[in-house]
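Novice: just the structure for this:
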Amino acid sequence: MPYYSYYFDPTYYLVLVGVIISLWASARVRSTYSKYNRVTSQRRLTGREAAHRILQNSGIYDVQIEHVSGQLSDHYDPKNKVLRLSDATYNSTSVAAIGVAAHECGHAIQHAEGYAPLSIRGALVPVANFGSTIAWPLIIIGLFFTTNSSALLINLGIIAFSLAVLFQIVTLPVEYNASNRALHILGDSQMLYEDEMKGAKKVLSAAALTYVAAAAASILQLLRIILLSGRRRN
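Specialist: Numbers count the residues shown, from 1 in each chain. The predicted model follows:
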């Protein structure tokens, strides 16, 4: 066995690539959001007002809009039908805030229309959470013990982690669709003017990159697990 095998695992490069991609995407969304958060929309609608108009115009009257603490912690809760807007969005009149509020409304519209990928993602949440929690304990036990059941534990760990990866992959069309809906609504309703639409699009595109990065990092991690598993069998 090569000397470095005791001290360095080459598969860590996969983890490193995933971390770099995630950090780059996170920095990109922060810088883009910060830029357009300083640009006040000409109509001076707040994020809450924009969300209220979008929901009303879409015929959605049973979704509440709430204020939640934090920055970029905006989300739509389909279980309770609540659209939660963060400190940076709720009362802000910036182009970025309106873009984010419209994006979350996109999820509410998906829910109202029964958008299939959103339903699939919702069904995957509990199994993905369980899979991401149990995967590594199973794999570590399987890698460090030489019992006859070690291969079974590793395979169960791979399957469990695959569920978490599947969740990340299904999230991509859900998020991109919500952003596309948001941009169409903002353009058609003229809540944002043409030059402001470009800023909103950049904000939502940067935000979408974080989901792509998360999916890529998860896939690379899964590949690493499979490689470690193959090495263990050899």
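Novice: for the rest of this, base every contact and every neighbour count on C-alpha atoms.
Specialist: Noted.
Novice: checking the most centrally placed residue in the chain next. Helix, strand or coil?
Specialist: Centroid check for the chain by C-alpha atoms, centre = their mean gives Tyr211 as the closest residue, at 4.1 Å. Secondary structure state of Tyr211, per DSSP: H, G, I helix; E, B strand; the rest coil, is helix.
Novice: report pLDDT for it.
Specialist: Per-residue confidence at Tyr211 stands at 94 (pLDDT).
Novice: what distance do you get for it to Val174?
Specialist: With distances taken as C-alpha to C-alpha, to the nearest Å, Tyr211 is found 10 Å from Val174.
Novice: what do you get for Asn91?
Specialist: 26 Å.
Novice: test my guess that the residue nearest to the centre of the chain contacts Leu172.
Specialist: Yes - Tyr211 is within contact range of Leu172, at 6.4 Å (criterion: C-alpha atoms under 8 Å).
Novice: how about the helices in the protein?
Specialist: 12-37, 47-57, 87-90, 95-113, 116-144, 150-189, 194-233 (DSSP state H).
Novice: between the ones you listed, which one is closest to Ser69.
Specialist: With C-alpha to C-alpha as the measure, helix 87-90 is the member of the helices of the chain nearest Ser69 (5.5 Å).
Novice: just the C-alpha atoms of that closest one, please, in PDB.
Specialist: Only the C-alpha atoms of helix 87-90 are listed here, as PDB (Å, rounded to 0.1, in the frame of the first residue of the first chain):
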ATOM      1  CA  ASP A  87     -35.600  41.700   7.700                       C
ATOM      2  CA  ALA A  88     -33.800  42.700   4.400                       C
ATOM      3  CA  THR A  89     -37.000  42.000   2.400                       C
ATOM      4  CA  TYR A  90     -40.200  42.700   4.300                       C
END
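Novice: what sits up against it?
Specialist: With C-alpha atoms under 8 Å, 6 or more residues apart in numbering as the test, helix 87-90 has contacts from 46-48, 67-72, 74, 96-98, 100-101.
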